[in-house]
Structure formats: structure tokens, C-alpha cells
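**Student:** 3D model of this:
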Amino acid sequence: MTILRFPFYGLIWIAYIAFISTYAPLGADWLDWHAQRITNAILYLELNGYFSSYGFTIWSDCVDCSLDKALWLDEIYLSTHGISLFPYILISYLFVYESLLNYSHFLDKIIIFLTAVILSELSIIFFKQSNISKFIIGLMIFILFIANPWTYKMIIASWTEIYFILFFLLGVYLGIHNFKKLSIGFFFIAGLFNIVWSVALAIFYLLVSLLPQIIKENNIDLENFFPVL
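**Tutor:** Numbering: from 1, shown residues only. Here you go, the predicted model:
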């Protein structure tokens, strides 16, 4: 059954992308303003240096605007950091510039697909006591994830959250299977893509770890909160 799930994941995903490409008013590719925003951010780093302004770059959908560093000094640190754009920077660096717009949206679709698969497989582990078959659980979670409005927004204008979720879930999955060092490594990578979520989770785990001392109860099973322990 495990082997059968993955082809079904792929077929459902392809069918969903084909459906929204045909019937969704906004299509299934990047919106123009998002493509322009990514383009400006990457070009700014290429023109001014990847480590200029400590790696921060512009986050604007302006068309044909000047990308000179001096014109953005008052706004650059309120913008986004180049680390969160690393996959697109790599595409632009390794291939011709046109590849950035031609292929980056495919990368987003692959990332979303992998996130849905990992989430589905984790759900099977978490619902292992359920009487529902693993095959049904996996497909249900997969469909619920890819078909929700939040995911569609990610397809047409990606956010860094999807990379954070992917690497965080990979960390959890590897931790459950006793790959502790790899798990911690993926948690670190997840934090690089979205510092806000990484700080929020760090605070949550800190509070949970202090819970036994706060309520003076030693019988709390922290593995329910820390699946990688």
C-alpha cells in the first residue's frame, strides 16, 4: 500500500494543476506582479552583490525601476533577505536569466507537492491507531492540503512559509525515524527561510520544556510535543 500511495499523490497533483490551469480565473502560474517582485529582488542582488546590505534585497513590483543600491538604503532593511530567495537565486545563477521566470514556478509546484506528501505521510503515523486505512488517510490529507485556498495562493504567488513548512515537516519525519542530526539540520534550514515562524516555534518548545517545572508535574510525556526526542 505504501508504494501505491505515491503514484496516486502524483496523479492527483497533476490532475489538480491541470484543472486550475483550465478553470481558475488566475490560472496556475505566477501572477505578473509576483514575477516582477521576484525578478527585482534577484536582479538587485546580482547588480549590487549578494552580500551587499548584509544580504537584504528589495521587495517591490515596480517595473523598470532603478536597482541602484543608493536609492533603496532607507527601505532595504524593511524588506526581505536573500536567504529566503536562495532557490530562485540558484536558478538565475546557474542558468540564463530567462530561466528564472520560465522555471521557478515549476519549483514552487514541486515544493508544494513534496510538502503535501510529507504532511500526508506524517498524518498516517500520527493516526496509526485509527481504524481507517493508511491509504485513505494519506489521500484525504493530501487532497485537503492541495485543494485549500491557501495552497492555491502559494501556487500563483509563493511565500517563504511553504519552504519553512517543508523543511520543518522533514525534520519531524526524520526525527521520528531516529535520524536526529539530519532532523536538527532541517529545522535549522527551515528557520533560515522564515525567521518569524522559527522564533515562534522556539518559544513554544521552550515553554513546553519548562512545563513540568511550572506545574510541578513530572509525568508529562514530552515526546507528545517533541517528536524528534
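**Student:** what's the closest non-adjacent residue to residue 26?
**Tutor:** In space, residue 26 comes closest to residue 156 once its chain neighbours are excluded; the distance is 5.4 Å by CB to CB, 6 or more residues apart in numbering. The way it works is simple: take the backbone N, C-alpha and C, and place the C-beta from them, glycine included.
**Student:** Now do the same for the one you found: its pLDDT.
**Tutor:** On pLDDT, residue 156 comes in at 94.
**Student:** Report all helices and strands that the lowest-mean-pLDDT helix or strand in the chain contacts.
**Tutor:** Ranked by mean pLDDT, DSSP states H and E, the weakest helix or strand in the chain is helix 195-215, scoring a mean of 77. If you count contacts as 3 or more CB pairs under 8 Å, 6 or more residues apart in numbering; DSSP states H and E, helix 195-215 packs onto helix 161-176, helix 180-193.
**Student:** Return the first one as CSV; C-alpha atoms alone will do.
**Tutor:** Extracted as CSV, the C-alpha positions of helix 161-176 are listed here (Å, rounded to 0.1, in the frame of the first residue of the first chain):
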residue,chain,number,x,y,z
GLU,A,161,6.2,29.8,4.6
ILE,A,162,5.9,26.9,2.3
TYR,A,163,9.7,26.3,2.4
PHE,A,164,9.6,26.6,6.2
ILE,A,165,6.8,24.1,6.5
LEU,A,166,8.5,21.6,4.1
PHE,A,167,11.8,21.6,6.0
PHE,A,168,10.2,21.6,9.4
LEU,A,169,8.0,18.6,8.4
LEU,A,170,11.0,16.8,7.0
GLY,A,171,12.8,17.4,10.3
VAL,A,172,9.9,15.9,12.2
TYR,A,173,9.7,13.0,9.9
LEU,A,174,13.4,12.2,10.1
GLY,A,175,13.3,12.7,13.9
ILE,A,176,10.5,10.1,14.2
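**Student:** how far off helix 195-215 does it point, in degrees?
**Tutor:** Angle between the axes of helix 161-176 and helix 195-215 is 40 degrees (criterion: axes from the mean of the first three to the mean of the last three CA atoms, to 10 degrees).
**Student:** The chain: strands as residue ranges?
**Tutor:** 56-57, 80-81 (DSSP state E).
**Student:** Ranking these by mean neighbour count, which comes first?
**Tutor:** strand 56-57 (a mean of 23; mean count of other CB atoms under 10 Å).
**Student:** Partner strands of it and their direction?
**Tutor:** If you go by DSSP bridges, strand 56-57 pairs up with strand 80-81 (antiparallel).
**Student:** Check the chain for its longest helix and report it.
**Tutor:** Counting by DSSP state H, the longest helix found in the chain is helix 98-126.
**Student:** So which bits of that one are buried?
**Tutor:** 100-101, 104-105, 108-109, 111-113, 115-124 (16 or more other CB atoms under 10 Å).
**Student:** what do you get for stretch 133-147?
**Tutor:** 134, 137-139, 141-143, 145-146.
**Student:** Among the residues you listed, which one sits closest to residue 91?
**Tutor:** Taking CB to CB as the measure, residue 91 sits nearest to residue 146 out of the buried residues of stretch 133-147, at 23.2 Å.
**Student:** if I pick the closest one, what's in contact with it?
**Tutor:** Contacts were defined as CB atoms under 8 Å, 6 or more residues apart in numbering; by that measure residue 146 touches 12-13, 16, 112-113, 116.
**Student:** Tell me which two of those sit farthest apart.
**Tutor:** 12 and 112 (12.6 Å).
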